[in-house]
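S.K.: give the three-dimensional model of this entry:
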Amino acid sequence: MNNTNATTTTAADDGDAPNTANRWKIDLRNHGSKFFNSLDDLISAVDKPDELFKMLHEIGIQHKNYETKPEHIQAIVDGLNHTMEFGLRDKWTDSRQKSFQRLINIIVGRTNRALTGDEK
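M.R.: Residues are numbered from 1 along each chain as shown. A predicted model of the protein is given here:
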């Protein structure tokens, strides 16, 4: 079988990057779909904190296995914020941005707890 996956990182070029060895064999569109489905699930659980926190813990543990670091999560958040602002344009009001940011802060905080092992 011919491997058509592009090299993404090597041991010498980015010491703080998550371990990407053979990880890009997954379909990135599939991962993007999973990301947005998970975000939808998290939004649906926003009024059920125990369920929400359990989901975030599981997401954090899964990503810890890929050597994901909190700064990688923040990079995704920055991109997501830009996407929302760009995609929604005039519908992206201050009120919506603040509400979304509160949810994102919970997502990032709880996911990072699982990544770092700091469950306090």
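S.K.: distance of residue 59 from residue 87?
M.R.: Here the criterion is Cβ to Cβ, to the nearest Å. By it, residue 59 lies 23 Å from residue 87. C-beta here means a position set from N, CA and C on the backbone, and glycine is covered the same way.
S.K.: check residue 32 too.
M.R.: From residue 32 to residue 87 the distance is 14 Å (Cβ to Cβ).
S.K.: more crowded one of residue 59 and residue 87?
M.R.: Taking neighbours as other Cβ atoms under 10 Å, residue 59 and residue 87 compare with residue 59 leading, 21 against 9.
S.K.: count the residues that sit near residue 57.
M.R.: 15.
S.K.: tell me which element it falls in.
M.R.: helix 49-64 (DSSP states H and E).
S.K.: how far does that helix sit from the chain's center?
M.R.: Relative to the chain's own centre, helix 49-64 is displaced by 11 Å; criterion: Cα atoms, centre = their mean, to the nearest Å.
S.K.: which helices and strands does the next helix or strand after it pack with?
M.R.: The helix or strand immediately downstream of helix 49-64 is helix 70-88, counting by DSSP H and E. Judged by 3 or more Cβ pairs under 8 Å, 6 or more residues apart in numbering; DSSP states H and E, the packing partners of helix 70-88 are helix 94-116.
S.K.: so what touches the helix it packs on?
M.R.: The contact list for helix 94-116 (Cβ atoms under 8 Å, 6 or more residues apart in numbering) reads 42-43, 46, 52-53, 56-61, 63-64, 68-70, 73-74, 77, 80-81, 84-85, 88, 118-120.
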